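S.K.: sequence below, structure please.
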Amino acid sequence: MSEFVLWTPLFSFLIFVLFFSVGDWVSNLTKSKVSGMLIAMLLYLIGFQTGIIPASSINDTGLTALASNFAIMLILVGMGTMIHIKQLMAQWKTVVVAIVGLVGLALCSFTISSWIFGREWALCASAPISGGIIAGQMTSQAAMDAGRPDLAAFAMLVIGCQGFVGIPICNFFVRKYCNGILAGKIQMGEKITVKEDTKKKKLFDFGWMAGDNTIMFKMAIVGWLGYLVSWLCSGVPILSNLTNANIMYLVMGIIFCVLGFLPANAHVKAHINGFLMLAVLSVVPGSLATLSLQDLINMIFPLVGTLIVGAAFVCLFGAIAGKVLGVHWTISFAIAICCTIGYPGTQIIVDEVVRSLDCDDKMREEIYEHVLPPIIVSGFTSVTVASVFFAGLICPLIF
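M.R.: Below is the predicted model of the structure:
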């Protein structure tokens, strides 16, 4: 009989999904107030620091190779197919407030945050603050490629901790806005509706090309075209950063969904979204394997500082944009800070706030239908779209 080996690739994968499952349970129990990813990172950190989990465990699963080879591409193409152009146009003020908030984040990252915390810490925090896991993964991968696992881990810690800053701020200002409506101090205005043109024929509309494998095949084609455009533009200095491969995956996903070549929510309809996200999450604990306890202690000041300063500038610039556009400052604060939350956290906040309002059911429903769309659109704009562009532009400037 051969010698028993515990830490096989299968067992490493088992532990990986166990830790992220525990994170999901905690996140669900706390209604997304505590990040599931943060819980998984803490469990891995304990395992690595005590020597219980070998440093090679994450790489042994094979997920990191999957993420870097094509999982990120498929997710970004899929995210492009999630973008509802008409809804974004209908909520254009929300989109502008969210984007201007990120402009404020970029400004403070290159100035105040860089002066206080150091340029690399400030810029590594900025992309994750601007959005979700994908922006954080892009930053973390850039840091790993530059031989800086400490900054790679820092980027993922920002993702894990940003909810502790963003959720209370968003909750407070959504509640203040709703109470202002009830007190008669704020007018709701007309309800924004989006009409779908179901009769419009798309360039590509083949019902038979709807199987899981076929959708993945089409997504791979679109991803390869995005890579090709990025490669063709790489020699043009003014275009190289704007046509970063990750940005082009997203853009091509949008274009080919509009044309009808890809279905809306392609990665979900191909039933691959869950596994792809699992592969992307493998970069989270992997960056912790080589860090010492002192490295992590050194991150506390820039972690807390960049989150607080970044959130302040995001809200400030969002409120300024809202003032110019005639959007009340309270909801502008909430819209801007949604970049640190994303879905479903954004909807959970609105659900909880509206449920607690002291009014009748009819009024509660009217407020809910008025407040929910801009909050959802804001999180979608920043986390799904703008953060990818933000990270694609910032990452080449860090190292």
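S.K.: show me the contacts for T306.
M.R.: Contacts for T306 (CB atoms under 8 Å, 6 or more residues apart in numbering) come out as S109, S113, F117, W121, A122, A125, S126, I129, V158. For the C-beta atoms, the positions are set from N, CA and C on the backbone; glycine is no exception.
S.K.: please repeat the previous calculation with a cut-off of 6 Å.
M.R.: S113, F117, A122, A125 (CB atoms under 6 Å, 6 or more residues apart in numbering).
S.K.: could you measure from it over to Q347?
M.R.: T306 sits 27 Å away from Q347, taking CB to CB, to the nearest Å as the criterion.
S.K.: show me which of the contacts of T306 are buried.
M.R.: Buried subset of the contacts of T306 (neighbour count, 16 or more other CB atoms under 10 Å): S113, F117, A122, A125.
S.K.: so which of those residues belong to strands?
M.R.: With strands defined by DSSP state E, no entry of the buried ones among the contacts of T306 lies inside them.
S.K.: which of those lies closest to S27?
M.R.: Closest approach to S27 among the buried ones among the contacts of T306 (CB to CB): A125, at 21.8 Å.
S.K.: in terms of helices and strands, where is the residue nearest to that closest one when sequence neighbours are not counted?
M.R.: Spatial nearest neighbour of A125, excluding adjacent residues (CB to CB, 6 or more residues apart in numbering): T306 at 3.7 Å. Element membership of T306, judged by DSSP states H and E, is helix 293-325.
S.K.: how about that helix, which residues are buried there?
M.R.: Per 16+ other CB under 10 Å, helix 293-325 contains these buried residues: 296, 299, 302-303, 305-307, 309-322.
S.K.: what angle sits between the helix or strand that that helix is followed by and helix 293-325?
M.R.: Sequence order places helix 329-337 as the next helix or strand after helix 293-325, per DSSP H and E. Taking axes from the mean of the first three to the mean of the last three CA atoms, to 10 degrees, helix 329-337 and helix 293-325 form an angle of 140 degrees between their directions.
S.K.: how far off centre is stretch 164-184?
M.R.: A distance of 22 Å separates the centroid of the chain from that of stretch 164-184, by CA atoms, centre = their mean, to the nearest Å.
S.K.: now it: buried residues?
M.R.: 165-167, 169-179, 181.
S.K.: for the residues you listed, which one is nearest K218?
M.R.: Distance to K218, by CB to CB, is smallest for G166 among the buried residues of stretch 164-184, at 35.2 Å.
S.K.: mind listing the helices for the stretch 51-200 of the chain?
M.R.: For the stretch 51-200 of the chain, the helices defined by DSSP state H, counting those that start in this stretch occupy 57-60, 63-66, 72-82, 85-90, 92-110, 112-117, 119-130, 133-145, 149-182.
S.K.: low-confidence stretches in this protein?
M.R.: Applying pLDDT under 70 to the chain picks out residues 1, 32, 189-209, 240-241, 343-344, 399.
S.K.: related to what we said a few turns ago, can you put the helices of the stretch 51-200 of the chain in a markdown table and add distance to S282?
M.R.: Listed next are the helices of the stretch 51-200 of the chain as a markdown table, based on distance: least, CB to CB, whole Å:
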| stretch | distance to S282 |
| --- | --- |
| helix 57-60 | 6 |
| helix 63-66 | 4 |
| helix 72-82 | 11 |
| helix 85-90 | 31 |
| helix 92-110 | 27 |
| helix 112-117 | 28 |
| helix 119-130 | 17 |
| helix 133-145 | 9 |
| helix 149-182 | 11 |
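S.K.: sounds good, over and out.
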